[in-house]
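*Asks:* Structure here, sequence nowhere to be found:
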């Protein structure tokens, strides 16, 4: 995956989940750092070898609340293989537009203006695996819609590397991106929706089959 696409995915995941969940993308709470003046000291695990019971930290499953772009959410599958996909969405008012600025893409507002659209036509959804997949990372599926606008006309504003990436075909669907070393990072267009899929290569066919 190119650095640009890594940054794009990271910006989407962080900015979108924080915006959608009020600052938390999962149910796992971070411990307070007592060394930085926190009121609650970080608890230390008990040494089981000295007769104490050791409590091993476990990562809570990722959990997102349903959003206000439910029709777009429904386009993302509920499950990939054995992994459940948790989903949320935002309309134009809640989208973290900073994720589309700087080196991550073009000027989305200009694209909308040039095509007679406005921010009110934009919706965004994300689906994330509740647990990690074969790649060691959560499966991530993003969907962006500009109502009534061919996705090919706005994809460059959210993925500036789209046109430069090779075109690939899986389960009869054309995508742009990279699939290598067991990892897939591809963009797929359908009507007025652009999907960004980041997942284990072994899951890609199932995901694309489930997408419209």
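*Replies:* Done, it's in. Owing to the predicted nature of the structure, the values given are computational and were not obtained by experimental measurement.
*Asks:* Summarise which helices and strands the longest strand along the chain is packed against.
*Replies:* In the chain, taking DSSP state E as the definition, the longest strand is strand 122-132. Where contact means 3 or more CB pairs under 8 Å, 6 or more residues apart in numbering; DSSP states H and E, strand 122-132 is packed against helix 3-21, helix 70-73, strand 83-91, strand 138-146. (Glycine included, C-beta is placed from N, CA and C.)
*Asks:* wait, residue 148 sits on residue 192?
*Replies:* Yes - counting by CB atoms under 8 Å, residue 192 is a contact partner of residue 148 at 5.9 Å.
*Asks:* buried sites along the longest strand of the chain?
*Replies:* For strand 122-132, the neighbour count (16 or more other CB atoms under 10 Å) marks 122, 123, 124, 125, 126, 127, 128, 129, 130 as buried.
*Asks:* returning to what we had before: which one of residue 148 and residue 192 has more residues nearby?
*Replies:* Shown here are residue 148 and residue 192; by other CB atoms under 10 Å, residue 192 has more neighbours (19 against 11).
*Asks:* sorry, back to before: between the helices and strands packed on strand 122-132, which has the poorest mean confidence score?
*Replies:* Looking at the helices and strands packed on strand 122-132, the lowest mean pLDDT belongs to helix 3-21 (a mean of 43).
*Asks:* so residue 68 sits in a helix?
*Replies:* No - assignment of residue 68 by DSSP: H, G, I helix; E, B strand; the rest coil gives coil, placing it outside any helix.
*Asks:* how close does it sit to residue 123?
*Replies:* According to CB to CB, to the nearest Å, residue 68 and residue 123 sit 9 Å apart.
*Asks:* Can you check which residues contact both of these two?
*Replies:* Residues within reach of residue 68 and of residue 123 at once, by CB atoms under 8 Å, 6 or more residues apart in numbering, are 89, 90, 91.
*Asks:* got any ranges where this protein has weak pLDDT?
*Replies:* Across the chain, the stretches falling below the confidence threshold (pLDDT under 70) are 1-63, 93-106, 133-135.
*Asks:* try 80 this time
*Replies:* 1-68, 92-109, 132-138, 157-160 (pLDDT under 80).
*Asks:* Relative to residue 161, how far out is the residue lying closest to residue 190 once chain neighbours are set aside?
*Replies:* Closest residue to residue 190 apart from its sequence neighbours, by CB to CB, 6 or more residues apart in numbering: residue 212 at 5.1 Å. If you measure residue 212 against residue 161 using CB to CB, the figure is 24 Å.
*Asks:* which one of the shared contacts of residue 68 and residue 123 has the most neighbours?
*Replies:* Counting neighbours by other CB under 10 Å, residue 89 comes out on top of these with 27 neighbours.
*Asks:* so that residue makes contact with residue 73?
*Replies:* Yes - the pair formed by residue 89 and residue 73 meets the contact definition of CB under 8 Å, at 4.7 Å.
*Asks:* residues shared between the contacts of these two?
*Replies:* Taking CB under 8 Å, 6+ apart as the contact criterion, the common neighbours of residue 89 and residue 73 are 66, 67, 125.
*Asks:* got a markdown table for these, with distance to residue 115 too?
*Replies:* Compiled in a markdown table, those are given as follows (distance: CB to CB, whole Å):
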| residue | distance to residue 115 |
| --- | --- |
| 66 | 29 |
| 67 | 25 |
| 125 | 21 |
